[in-house]
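> Here is my input, please return the structure:
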Amino acid sequence: GQECAKALGTVRGSGEALAGQECAKALGLGRTCGGGGEEERKREGKRVQEALAASAGTDPDALSVLTYDYVPDILEKRGPHRAEHLANAKKLGKDGKIIMAGAFVDPVDGALFIFKGTEKQDIESFVKADPYVANGLVKNWSIKSWTTINFSE
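The predicted structure follows:
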């Protein structure tokens, strides 16, 4: 009902909470809020939040990973392009888009970038502008959404 909708954060633009069947229908849940125990409400709350994020655009906390597969002789070839490569990544870091990145070691055969709240097309734009990619130092790359579990809480 109304209390469940408020607790799950399902509200209209006016701030009025959606309720019952309207809440379920709007979020594609197929049933009304309520029933079940605490764990079921938590799971339903997560589904509701995911549905809201999907309908509103990129979730500001959503994580994506970009992986690079480097050419075998990357350490010998990267020199002329490294400053620009790092500057591009640092700019997105300052904007809060890249929260962590780095190359793999032993062997240095690729890299991983962790993006937060960034649309896939924006990550693709970063890749296309990266001098490592433009100059053939990256054999393959991929972008994937990443779901995490925080074990420290």
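
> burial count for residue 60?
Residue 60 has 11 neighbours, counted by other C-beta atoms under 10 Å. To be clear about C-beta, it is placed using only N, CA and C from the backbone, and glycine gets the same treatment.

> List phi and psi for it.
The phi/psi pair for residue 60 (degrees, to the nearest 10) reads phi -60, psi -20.

> list the contacts for the closest residue to residue 62 other than its chain neighbours?
Nearest residue to residue 62 in three dimensions, chain neighbours excluded: residue 117, at 5.9 Å (C-beta to C-beta, 6 or more residues apart in numbering). Going by C-beta atoms under 8 Å, 6 or more residues apart in numbering, residue 117 touches 58-62, 96-97.

> So residue 133 lies in a helix, does it not?
Yes. Applying DSSP: H, G, I helix; E, B strand; the rest coil, one finds residue 133 inside a helix.

> residues in contact with it?
The contact partners of residue 133, by C-beta under 8 Å, 6+ apart, come to 68, 127, 141.

> try it again with 6 Å
Neighbour list for residue 133: residue 127 [criterion: C-beta atoms under 6 Å, 6 or more residues apart in numbering].

> what residue ranges in the protein score low on pLDDT?
Along the chain, segments meeting pLDDT under 70 span 1-36, 45-58.

> mind listing the strands for the chain?
Assigned by DSSP state E, the chain shows strands spanning 63-70, 98-103, 110-116, 138-146.

> Now render those as CSV, adding mean neighbour count and distance to residue 39.
Listed next are the strands of the chain as CSV, based on neighbours: other C-beta atoms under 10 Å; distance: least, C-beta to C-beta, whole Å:
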stretch, mean neighbour count, distance to residue 39
strand 63-70, 18, 24
strand 98-103, 15, 30
strand 110-116, 19, 28
strand 138-146, 14, 24
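
> looking at those, which is closest to residue 76?
strand 63-70 (11.2 Å; C-beta to C-beta).

> Now the buried members of the contacts of residue 117.
62, 97 (16 or more other C-beta atoms under 10 Å).

> ok, of the contacts of residue 117, which one's closest to residue 80?
residue 97 (25.3 Å).

> ok, that closest one to residue 126 distance?
For residue 97, the distance to residue 126 equals 8 Å [C-beta to C-beta, to the nearest Å].

> Next: residue 106.
Counting by C-beta to C-beta, the gap from residue 106 to residue 126 is 26 Å.
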